[in-house]
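Undergrad: Just to be clear, the model below is a prediction. Sequence and coordinates:
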Amino acid sequence: MKKFLILALTLVLMLTFVVACNDKTPEVPDNNNDKTEQPDGENQQPADPDTGKDEGDTKPEKVTYTITIKDQDGNPIAEVEAQICVDGVCKKPNVTNENGVVTFTMDDPGESVLSLQINEGASPAGYEYPTEKIAIEAGQTEVTVTLNKKAQ
């Protein structure tokens, strides 16, 4: 008897779910206008035909910066700690891999001033490190820095 009740309840729940799902029909917007009418009466600009995104989308695009650190002989330097700075505020530091490369992926900084800071105290000894931040030009996503070995 318990099995029958469980089976009956399961069947009722499944039928309820099917009816509820079939009752919801998606609304199709009228594409005859340049603007789409919103339920609250406000108009919204149509999607950009090149990107497919609404002009009101505020989600910034991501940009990846690749930093390569080498010595004066062109050999990669691993374990160098570097940071990307946006308008003087530095992001969390990352460390170069065995190929001397570190990447930073972040929101597109737009017109902000970018720079690269290399942290000598957390990096391998034996090299001359820049004391100033290194400017990153607008649109530049790859930066190579050459460090000179200290004189013995």
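TA: Cool, got the structure. Everything numeric here is computed off the predicted structure, so don't read it as measured data.
Undergrad: What segments of this protein are helices?
TA: 2-23 (DSSP state H).
Undergrad: in it, which strand has the most residues?
TA: strand 62-71 (DSSP state E).
Undergrad: Mind giving me the packing neighbours of that one?
TA: Where contact means 3 or more Cβ pairs under 8 Å, 6 or more residues apart in numbering; DSSP states H and E, strand 62-71 is packed against strand 81-86, strand 101-107, strand 114-119, strand 142-149. C-beta here means a position set from N, CA and C on the backbone, and glycine is covered the same way.
Undergrad: And the ones you listed: which comes nearest residue 58?
TA: Ranking the helices and strands packed on strand 62-71 by proximity to residue 58 (Cβ to Cβ) places strand 101-107 first, at 10.9 Å.
Undergrad: Quick check: which ranges of this protein have low pLDDT?
TA: 2, 4-5, 7-9, 11-57 (pLDDT under 70).
Undergrad: Apply 50 and report the result again.
TA: 24-26, 28-43 (pLDDT under 50).
Undergrad: Relative to residue 76, how far out is residue 64?
TA: 19 Å (Cβ to Cβ, to the nearest Å).
Undergrad: In contact with residue 120: list those residues for me.
TA: Applying Cβ atoms under 8 Å, 6 or more residues apart in numbering to residue 120 gives the contacts residue 129.
Undergrad: what's the distance between it and residue 79?
TA: Distance from residue 120 to residue 79, by Cβ to Cβ: 12 Å.
Undergrad: Looking at the helices and strands packed on strand 62-71, spot the one closest to residue 125.
TA: strand 142-149 (10.4 Å).
Undergrad: could you give the angle of the closest one to strand 81-86?
TA: What separates the directions of strand 142-149 and strand 81-86 is an angle of 140 degrees, with axes from the mean of the first three to the mean of the last three Cα atoms, to 10 degrees.
Undergrad: Direction included, what does strand 142-149 pair up with?
TA: strand 62-71 (parallel), strand 127-128 (antiparallel) (DSSP bridges).
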